[in-house]
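Undergrad: Sequence and predicted structure, then a few things I'm wondering about:
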Amino acid sequence: MEHWIRIQSALLAAIISSALAVNILLRNRRNKLYVRYSLFNFNLVAWYLSDAIIVYTGGGPDLLEKFRLLVALGIPLNALRFFRAFVADKSRLTLRIFEFFAVVSVGLGTLILLDVHKDTTVVLNLVYAYICIALYCALYFVYRRYQRIESKVEQTRLKYLMVSGAIAFTFALIDYLPGIGYFFFGNILTVIFLYFLFQVILKFRVLDLYEFLGRSLVMAAFAVVLAFIFSALVIWWRKELDLFLFNTLVASIVVFILYEPLKHFVEDKMNHLLFRERFAFTKHLEALRAQMAGIIHVDVLVDVVLKQLEVSRRVTHASIYLMENQGAGYQLNGHIGPMPIRRLDRVTHHPFFKRLREQSVLVSENLDRERRQLEEYGLLVGSGVVEELDEVIRILQQMHAGVCVAFMAGGQIAGLLAVRDERIREAYSSDELRSLASLAAQATLTIENSRLFEAVRERDRLAALGEMSAGLAHEIRNPLGAIKGAAELIDTTSEDPPDPEMLRIIVDEANRLNTVVSQFLDYARPSKSNPTATAINRVVEQTVDVIRAENKYSGQIVLDLDDTLPEISSEPEQLKQVFLNLAVNALQVLDADGIVTIRSMLTDARSNRMGERTRNFVSVSFSDDGPGIPEEVLGNIFIPFYTTKQKGTGLGLAISLRIIKNLGGNIEVTSRVGQGTTFNVLLPVN
């Protein structure tokens, strides 16, 4: 049974090691560190396989034993090469150490090829001692870096790396001590350590202990769940080859289908149990990303993002920069914490934007580590590379940023988000960085949608301006034409008095022209209002009293007012102007039996603009049972100078809408031809 444990653990270690090696080579075969890591793994794979075969065959041929010993001699050399590259230590001392063990390896390999190890156990003991010393020397390379580094965070993480490596190497070596026996602990711990190194290399930083343990537990839990599913499906009728193969195929398909959802489920549960604060932060960012999907205005976006980051308890400093209209730089649009640099110039800060465009996410800790490695490689000040990196680090410091994420749109940086948590020394975890990147992607979509919205609104504004200009010209030209015609008919050479009818036309048309210009000025000039507490029903009643006193309209007015309405902050005279205009418009289209119903009520909660808090509104509706408004007319009724009346100016509804908008409300219209029209005025409650 003991041998089977050794064989199975060796085969498992070989499979995982080969998977790690192939995985990292597929990412980048030109990276020397990746290549040396993969060679180290492949060397271990050859050792595990040869060891498993020898144990399985009860000793195996002499050639296989020689191969296993020669493979064992290569493990320390590959470990030394990898760790020397990992810590970027090109010192003469580490080179001499590597050369020394290379010479010893050649000497021991020669003795093995000459079969000297069969005559005496000294050779095997020397091989064992050589492997032990060389592996611990590889960890000594990490210790040298640990002594030279200044960052306390990096020192702590390197300490984790040395301790985990020492444990893995020690148990692996104990497994092969004479008299101890063969166990599987060394193989399993070595594989875990290799996975740890794999994560370290990919993330370009040493993981903290908690993050590594979390990843390991997630991977283990996920493997157990998949193994259970696969075993449950395969174990049925396993003695019949055809059914066994069929069940294996079905099990593989089921595992493939369940892989993604099961992986996310296990990761969420493990992260929720082990890292509650980080789990809560990622979930908070997901909720924020969903909220951002409904935002249109950029200023609202900035406010919402900064407020939500502030309440997340994982951000103490945050700032958002957006590209200026001219594209020359990026302006600070909002921040929390101390004031960061107000503007980033694309030319002056070119190294920063170049690096941000290439990576999209900048982590100050990674940049500091890269800076130290450049120094260790001998690239000192004056090379250009270090100066550019120093500039990037300096700008991040001016932004008070631990992480900077770009808003990438069409290959260009539309803006950027900078965050930092000064309460902890360690950088944000990989999951948190991915969540921040997703948040930036959603912000980019919002910014692009906002620009499209502004472009459409500007187009509509220009179209409305064109129609308004045409209407204004028409309204001015008609009275002027009438005035000119009447003036030409007046004979100034005659001794008789001027024709009274012509004079009346001139006066009427001059008054009409004055009315058009006055209404246009009312519409165009900025609104000056002093809102006061207003009882909306009282304004409605005063408006109806004015209309009834004139006694000019044949229709009837019916009031249906809610006496429990709260007061609103408004301008009573401006409201009376709006209500009078809407009521008169309704009465003008009615016959003697027509009815205009004015109703007031409190509406349900509404949102005035996406991202703002919801507010209750008072509704005052004007409903008539007249002919209704055709659909082609309904969309134009609020456009200045658009009118269907013979003597109308087309400014009444436009001015009314502007007044209500300035009070924070809106006017909604519904109409059906032959059934009537309803204008609904919405005003916010205090």
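TA: Done, it's in.
Undergrad: pLDDT value on F169, please?
TA: Per-residue pLDDT puts F169 at 87.
Undergrad: right, and L73 touches L126 too?
TA: No - contact criterion C-beta atoms under 8 Å: L73 and L126 do not qualify, at 10.5 Å. Just so you know, the C-beta spots here come from the backbone N, C-alpha and C atoms, and that holds for glycine as well.
Undergrad: Give me the more crowded residue out of the two.
TA: Neighbour totals were compared for L73 and L126, and L73 leads with 22 against 16 (other C-beta atoms under 10 Å).
Undergrad: Now for the residue nearest to the spatial centre of the chain: which residues touch it?
TA: Geometric centre of the chain, nearest residue: L439, 1.0 Å, by C-alpha atoms, centre = their mean. Listed by C-beta atoms under 8 Å, 6 or more residues apart in numbering, the contact set of L439 reads L285, L288, R289, M292, V305, V405, L417.
Undergrad: For the stretch 201-350 of the chain, just list every one of the helices.
TA: 209-234, 241-274, 276-292, 298-310, 350-359 (DSSP state H, counting those that start in this stretch).
Undergrad: Could you list every helix and strand that the third one packs against?
TA: Helix 276-292 makes packing contacts with helix 241-274, helix 298-310, helix 430-489 when contacts are defined by 3 or more C-beta pairs under 8 Å, 6 or more residues apart in numbering; DSSP states H and E.
Undergrad: For the first one, the averaged confidence score.
TA: Yep, that's helix 241-274 we're talking about. 66.
Undergrad: now swap in the longest one and tell me
TA: Across helix 430-489, the average pLDDT comes to 72.
Undergrad: Kindly confirm my reading that G664 forms part of a strand.
TA: No - G664: not assigned to a strand; according to DSSP: H, G, I helix; E, B strand; the rest coil it is coil.
Undergrad: and it, what pLDDT?
TA: At G664, pLDDT is 82.
Undergrad: Measure how buried it is and give me the count.
TA: Counted with other C-beta under 10 Å, G664 comes out at 16.
Undergrad: Just want the phi and psi numbers for it.
TA: phi 90, psi 10 (degrees, to the nearest 10).
Undergrad: how about the nearest residue to it, chain neighbours excluded?
TA: Leaving aside its sequence neighbours, G664 sits nearest to P684 (C-beta to C-beta, 6 or more residues apart in numbering; 4.6 Å).
Undergrad: thinking again about what came up before, touching both of L73 and L126, which residues are there?
TA: In contact with both L73 and L126: L108, using C-beta under 8 Å, 6+ apart.
Undergrad: So which helix or strand of this protein has the lowest pLDDT on average?
TA: Taking mean pLDDT, DSSP states H and E as the measure, the helix or strand of the chain with the lowest value is helix 209-234, at a mean of 61.
Undergrad: which of the contacts of L439 lies closest to T532?
TA: Of all the contacts of L439, T532 sits closest to V305, with 36.5 Å by C-beta to C-beta.
Undergrad: any idea how far I395 is from that closest one?
TA: 21 Å (C-beta to C-beta, to the nearest Å).
Undergrad: that older thread, got the contacts of L439 as a markdown table, with pLDDT, distance to V596 and neighbour count columns?
TA: As requested, the contacts of L439 are arranged in a markdown table below (pLDDT from 0 to 100; distance: C-beta to C-beta, whole Å; neighbours: other C-beta atoms under 10 Å):
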| residue | pLDDT | distance to V596 | neighbour count |
| --- | --- | --- | --- |
| L285 | 86 | 53 | 24 |
| L288 | 87 | 48 | 19 |
| R289 | 86 | 48 | 19 |
| M292 | 85 | 44 | 20 |
| V305 | 91 | 47 | 25 |
| V405 | 93 | 57 | 25 |
| L417 | 94 | 54 | 23 |
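Undergrad: possible to save those as CSV with distance to F82?
TA: Below are these laid out as CSV (distance: C-beta to C-beta, whole Å):
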residue, distance to F82
L285, 36
L288, 41
R289, 39
M292, 43
V305, 42
V405, 32
L417, 36
